[in-house]
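>>> make a model of this:
(chains A and B)
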2 protein chains.
Amino acid sequence: MSVNEMSHRGKAFLSIIQKAEADLRSLLNIPESYAVLFLQGGATSQFAAVPLNLCTTNANVVDYIVTGSWSDKAAKEAAKYCSPKVVWSGKGDKYTRIPSFDEVQQSPNAKYLHICANETIHGVEFKDEYPKPVNSDAVLVADMSSNFCSKPIDVSKFGIIYAGAQKNVGPSGVTIVIVRKDLVKNAQPITPVMLDYKTHVENKSLYNTPPCYNIYMCGLVFEDLLAQGGLGEVEKTNIKKAGILYEAIDKSGGFYKCPVEKSVRSLMNVPFTIAKPDLEGVFIEEAKKEKMVELKGHRSVGGMRASIYNAMPLAGVEKLVAFMKDFQQKHG
Amino acid sequence: MSVNEMSHRGKAFLSIIQKAEADLRSLLNIPESYAVLFLQGGATSQFAAVPLNLCTTNANVVDYIVTGSWSDKAAKEAAKYCSPKVVWSGKGDKYTRIPSFDEVQQSPNAKYLHICANETIHGVEFKDEYPKPVNSDAVLVADMSSNFCSKPIDVSKFGIIYAGAQKNVGPSGVTIVIVRKDLVKNAQPITPVMLDYKTHVENKSLYNTPPCYNIYMCGLVFEDLLAQGGLGEVEKTNIKKAGILYEAIDKSGGFYKCPVEKSVRSLMNVPFTIAKPDLEGVFIEEAKKEKMVELKGHRSVGGMRASIYNAMPLAGVEKLVAFMKDFQQKHG
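So this is what the prediction gives:
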């Protein structure tokens, strides 16, 4: 029987979802005090779920650090359910940096502090250090959609981590939420049952029919990441991949440019431009002839973007780097 | 490139989702005045989305006909966002019938009338006739999760039709919503952006990353249903399949029993019991030896249930009927 035919309540699928959870727990060393949920609706659904579950009224203050389009969207959605305060925004710098944490004036009474750990469109990423909420009752919440499982993280620093699976760990259509169990209390009365963490914790992600195939595929990826030696090894490869790409940009004598501040450049999404903008369309067309596709920057920012998630091998990045050097020689 | 690797905004995936929509429009003869959406979160998410999109305040009255567990859940979820009235409930009859429409005392001011077209657990199904809202401004809303695309329907009788795909048209993880475009106006301010129909109509189901593989599979199923000759042909086969199974039950001299009133027995889900309840476990075990699985009734009602969706061939039902006769001879 294929996973597409199984009952989600049958033993066969139960063993699939339980193994997926156990392997993810191993990979990220997730403490027992956290629940792991396999949900639907993307990070965008979590933009609403987080304030609905962590705030009791819309008078509750919460803090958002806005480092790009995704954290901006998250803050805007939260305004429906609480009083979000943007405590730092990189908009003025076109989202090219992460603040030093003493630049951020947190609210003393905030219920949580929200960050986007890696901004997919702008290519800025929080590195090993994460800001700590000043309110000792508050928790740090992170959207990790685009760098989830790309490197080890200390889960215990977070109250909630959420991530659409489609970048590093599976096909689109499943969203992973890691939530500290003591935070799963009474959601606001207007919370749709599908956005209430309690629903999914109590039903072990099986309240209604889950995206079975998608979860099965995530499980296969978790197995593979463990077989590679875990996230420490995965990170080493990701550092190498991003390293040669950023080096090619920085050593191009200004032909290519990456706008992002060096210390916070993403290991996953590498945005870059060409000094002569007319060449960008040519670059994308010629790359396509070499079977390198999806290099166009997000429609909101333009330029180019190389998304080099876990599944992109080092050889793929090496090929891109060689192409970039050739292209520069031809057109520079 | 596999559908699991494509950008959901690339031409390749656009042609997949557009073809899927066009084929579904052909199958159901969906008028141009309706939008077709491919969403996430199951029918359970639509239980909230419907009142959030059709009601402006929680004082708005809406009507629910409750014919089983699913319409009961839908009415309960709606109570968070409006004032649902259960205008008929089959609970007293253990959900074994559909009301005649003059039994139902509709609210004259209701914004909509909600039904579940086929109750998966209880096996009761609305046949060709659907109730009409008495309020001429109101619309009929139907959860068709478990009989979607099992037979032709007249879409123009409905304001909204929604259906989890996982029964007849694809893998779990995609929810199809067919909504009359003039109903897509201003959702309540507390509506999560992912439950706001306007989000998905304006972005043609691509506001955030959709479940690409799952939509691709739905598209293949739509192609196949068209190739079979469309839903008229599909219905003929479904009538034949259900017919021989109900006949076997009814002609068993009381050994097997189906509790559902004959005129509204589902073509999709056939619940039945054995007069000697101790034999039910034996039945399920012996059937499993013959490779017939998932025959246990839903945990909330017990007994047996044969779900004979589109993908179950006539030969599969014939095999079950033969097994049932043998079983009765052995144990009757």
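>>> so who does A:Phe327 touch?
The contact partners of A:Phe327, by Cβ atoms under 8 Å, 6 or more residues apart in numbering or on different chains, come to A:283, A:286. Where you see a C-beta, it was placed from the backbone N, CA and C, and this is true even at glycine.
>>> any idea how far the strand or helix carrying it is from the chain center?
In the assignment (DSSP states H and E), A:Phe327 maps to helix A:314-331. When C-alpha coordinates are averaged (Cα atoms, centre = their mean, to the nearest Å), helix A:314-331 and its chain have centres 27 Å apart.
>>> please export the C-alpha coordinates of it as CSV.
Output for helix A:314-331, consisting of C-alpha atoms alone and laid out as CSV, is shown next (Å, rounded to 0.1, in the frame of the first residue of the first chain):
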residue,chain,number,x,y,z
LEU,A,314,28.9,21.5,-3.7
ALA,A,315,29.5,20.6,-7.3
GLY,A,316,26.3,22.6,-8.3
VAL,A,317,27.7,25.7,-6.6
GLU,A,318,31.2,25.1,-8.2
LYS,A,319,29.5,25.0,-11.6
LEU,A,320,27.7,28.3,-10.9
VAL,A,321,31.0,29.9,-9.7
ALA,A,322,32.8,28.8,-12.9
PHE,A,323,29.9,30.1,-15.0
MET,A,324,30.1,33.4,-13.2
LYS,A,325,33.8,33.8,-14.0
ASP,A,326,33.3,32.9,-17.6
PHE,A,327,30.4,35.3,-17.9
GLN,A,328,32.5,38.1,-16.4
GLN,A,329,35.3,37.4,-18.9
LYS,A,330,32.9,37.5,-21.8
HIS,A,331,30.9,40.6,-20.7
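>>> in it, which residues are buried?
Taking 16 or more other Cβ atoms under 10 Å in any protein chain shown as the neighbour-count basis, helix A:314-331 is seen to contain the buried residues A:317, A:320-321, A:323-325, A:327-328.
>>> can you pull the phi/psi pair for the spatially closest residue to A:Ser307 that is not a sequence neighbour?
Using Cβ to Cβ, 6 or more residues apart in numbering or on different chains and skipping residues adjacent in sequence, the residue nearest A:Ser307 is A:Asn269, 5.2 Å away. Backbone torsions of A:Asn269, given as degrees, to the nearest 10, read phi -120, psi 120.
>>> pretty sure A:Asn269 sits against A:Met304.
No. Contact status for A:Asn269 versus A:Met304: not in contact, 10.9 Å apart, counting by Cβ atoms under 8 Å.
>>> same drill for the two, tell me which one is more crowded.
A:Asn269 (27 against 19; other Cβ atoms under 10 Å in any protein chain shown).
>>> so stretch A:108-124, near chain B or not?
No. Contact check for stretch A:108-124 against chain B, using Cβ under 8 Å from any Cβ of the partner chain: none in range, with a minimum separation of 10.4 Å.
>>> and that stretch, end to end?
Taking Cα to Cα, to the nearest Å as the measure, stretch A:108-124 stretches 27 Å from start to finish.
>>> sort out which residues of that stretch are buried, please.
By neighbour count on 16+ other Cβ under 10 Å, the buried set for stretch A:108-124 is A:110-124.
>>> if you average pLDDT over that stretch, what comes out?
When pLDDT is averaged along stretch A:108-124, the result is 97.
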